[in-house]
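Engineer: generate coordinates for the sequence data below:
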Amino acid sequence: MIRSLHHTAISTPDLERAVTFYRDLFGFEVVMEMDWPQGYAGVDSIMGIEGTAAQAVMLRREDSMIEVFEFSAPDARSQALDRPVCDHGITHLCFLVEGIQAEYERLCEAGMEFHCPPQDSGTGIVATYGRDPDGNVIELLEVLDESHPFRLQA
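Structural biologist: You can find the predicted model right below:
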C-alpha cells in the first residue's frame, strides 16, 4: 500500500549552496546528513549507477522533505539552467503559499529569479514559476478558493 510521497531528491554541484537556499528561503531544516565512499555496492545497486560517491542532506518542513545530493563520482552532467518545463522529466517543485505576492517579493529580494510575477488564473488559484540556483523550477501556488480541487486538507 502506497501511503504518500516521502521526499523529492535533487542533485547539485554545490551542496552547501542548495541547502542554504532551501533552508534559508523556504524554511526547511536539516534533519540528516550522510555520505558514502565510492564502492558502496548497495547504493550503487539502488541508483543503477556504478562507482557512486556522494554527500547528501535531508531537509524537512512539516510533512515535506527534500533530499539534496552532491556526487563526487561519477562525473555528473549539468542541465541547462533554463531547461524548458516542457522537456520530459520532472518539471517543477510546487510550494503551497499564503500571501503569494509577499512571498514572490521576498524571494526576488533574496535573488531568486522568476519567469513572471504571480498570475491569477481566474479559477481560484494564483501561481508563478521561478528557479533555484541550479535551474530547477519552483512553483509558488496560492489556492484562494476553498472548494478548489487543489486545496489540501489540513
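
Engineer: now do the phi/psi pair for Ile46.
Structural biologist: With angles defined as degrees, to the nearest 10, Ile46 sits at phi -60, psi -40.

Engineer: residues near it, how many?
Structural biologist: The burial count assigned to Ile46 is 10, neighbours taken as other Cβ atoms under 10 Å. (Glycine included, C-beta is placed from N, CA and C.)

Engineer: with the one 10 residues further on instead?
Structural biologist: Taking other Cβ under 10 Å as the neighbour definition, Ala56 ends up with a count of 18.

Engineer: for the lowest-mean-pLDDT helix or strand in the chain, packing partners?
Structural biologist: Taking mean pLDDT, DSSP states H and E as the measure, the helix or strand of the chain with the lowest value is helix 41-47, at a mean of 91. The helices and strands touching helix 41-47, judged by 3 or more Cβ pairs under 8 Å, 6 or more residues apart in numbering; DSSP states H and E, number zero.

Engineer: now that helix: buried residues?
Structural biologist: Val43, Asp44 (16 or more other Cβ atoms under 10 Å).

Engineer: try stretch 9-23
Structural biologist: Ile10, Ser11, Thr12, Leu15, Ala18, Val19, Phe21, Tyr22, Arg23.

Engineer: and stretch 121-128, by the same measure?
Structural biologist: Gly124, Ile125, Val126, Ala127, Thr128.

Engineer: who's in contact with the least confident helix or strand of the chain?
Structural biologist: Trp36, Glu50, Gly51, Thr52 (Cβ atoms under 8 Å, 6 or more residues apart in numbering).
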